[in-house]
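Chemist: sequence-free structure coming up:
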């Protein structure tokens with residue numbers, strides 16, 4: 001049954017290409033899919049909250065689904081079909097310069113560490129300023145889509161943030177940036193697919 005559920009969820013993301021965890025205008029959401037539209041407040045307190053959580057974890061582990069805060073600051077699922085379009089944006093030199101320029105020194109330092117290592121688990125990272133500074137820097141990179149961020153299960157059974165570079169995703173997935181489209185057109189196309197919502201890559 002869990003395998004069947006995972007397949008159904010993967011097909012759902014493949015069908016829509018972009019979906020969010022919690023509801024966003026014009027985009028299908030996992031919460032609506034499982035609990036129906038109209039969920040108010042935190043979905044954690046919903047009677048089907050545990051089912052939503054299990055589905056969320058299945059999608060995080062799905063090799064054809066990328067999880068990042070892309071649409072309106074919400075957890076977003078992007079099917080592999082759109083990874084070349086996304087890579088066209090996040091690997092564009094002018095886009096990266098603009099995004100990196102908006103970072104403070106601590107966040108730039110963390111970005112350098114992620115780029116060098118490929119992946120970085122924040123609970124295993126020593127960082128100047130301690131855990132609070134590390135959390136701030138990780139959030140800054142995630143909000144600007146400069147890294148991919150997801151939670152991983154730790155040895156103690158807890159969850160810890162893991163940051164991954166776009167370069168590593170490209171290498172392990174064999175994905176290449178979509179070549180025959182300009183940066184602005186790529187952003188516009190992604191925005192249309194995301195229901196016109198604000199994007200982390202704008």
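Modeler: Here it is on my side, so go on. Quantities reported herein were computed from a predicted structural model and do not represent experimental measurements. Residues are numbered from 1 along each chain as shown.

Chemist: which residue is the nearest non-sequential neighbour of residue 127?
Modeler: Excluding its sequence neighbours, the residue lying closest to residue 127 (C-beta to C-beta, 6 or more residues apart in numbering) is residue 134, at 4.2 Å. C-beta here means a position set from N, CA and C on the backbone, and glycine is covered the same way.

Chemist: residues in contact with that neighbour?
Modeler: 110, 122, 125, 127 (C-beta atoms under 8 Å, 6 or more residues apart in numbering).

Chemist: so which of those residues is the most crowded?
Modeler: residue 110 (25 neighbours; other C-beta atoms under 10 Å).

Chemist: domain assignment for the chain?
Modeler: For the chain, the domain assignment from automatic domain parsing gives the residue ranges 2-79, 92-176.

Chemist: so which of the ones you listed gets nearest residue 199?
Modeler: Of all these, domain 2-79 sits nearest to residue 199, with 6.0 Å by C-beta to C-beta.

Chemist: so how far is residue 53 from the residue nearest to the spatial centre of the chain?
Modeler: Of all residues in the chain, the one closest to the mean position by C-alpha atoms, centre = their mean is residue 68, 0.7 Å from it. Using C-beta to C-beta, to the nearest Å, one obtains 18 Å as the distance from residue 68 to residue 53.

Chemist: in this protein, which spans are strands?
Modeler: Listed in chain order, the strands of the chain (DSSP state E) span 18-20, 65-71, 74-79, 119-121, 148-153, 159-164.

Chemist: neighbouring strands for the fifth one, and are they parallel or not?
Modeler: Spelled out, that is strand 148-153. Partner strands for strand 148-153, per DSSP bridges, with pairing direction: strand 159-164 (antiparallel).

Chemist: which residues does the closest residue to residue 175 other than its chain neighbours contact?
Modeler: Beyond its immediate neighbours in the sequence, the residue positioned closest to residue 175 (C-beta to C-beta, 6+ apart) is residue 83, lying 4.5 Å away. Taking C-beta under 8 Å, 6+ apart as the contact definition, residue 83 lies against 66, 169, 173, 175.

Chemist: do you know the pLDDT at the third one?
Modeler: pLDDT, residue 173: 89.

Chemist: one step back: neighbour-wise, give me the winner out of the contacts of residue 83.
Modeler: Neighbour count (other C-beta under 10 Å) singles out residue 66 as the most crowded of these, with 24 neighbours.

Chemist: which residues does that one bridge with?
Modeler: According to DSSP bridges, the partner residues bridging residue 66 are residue 78.

Chemist: how about the helices in this protein?
Modeler: Along the chain, counting by DSSP state H, helices occupy 2-16, 30-35, 49-60, 83-90, 93-101, 105-117, 130-143, 166-173, 183-193.

Chemist: how about low-confidence regions in the protein?
Modeler: Screening the chain residue by residue with the criterion pLDDT under 70, one finds the ranges 1-6, 153-154, 156-157.
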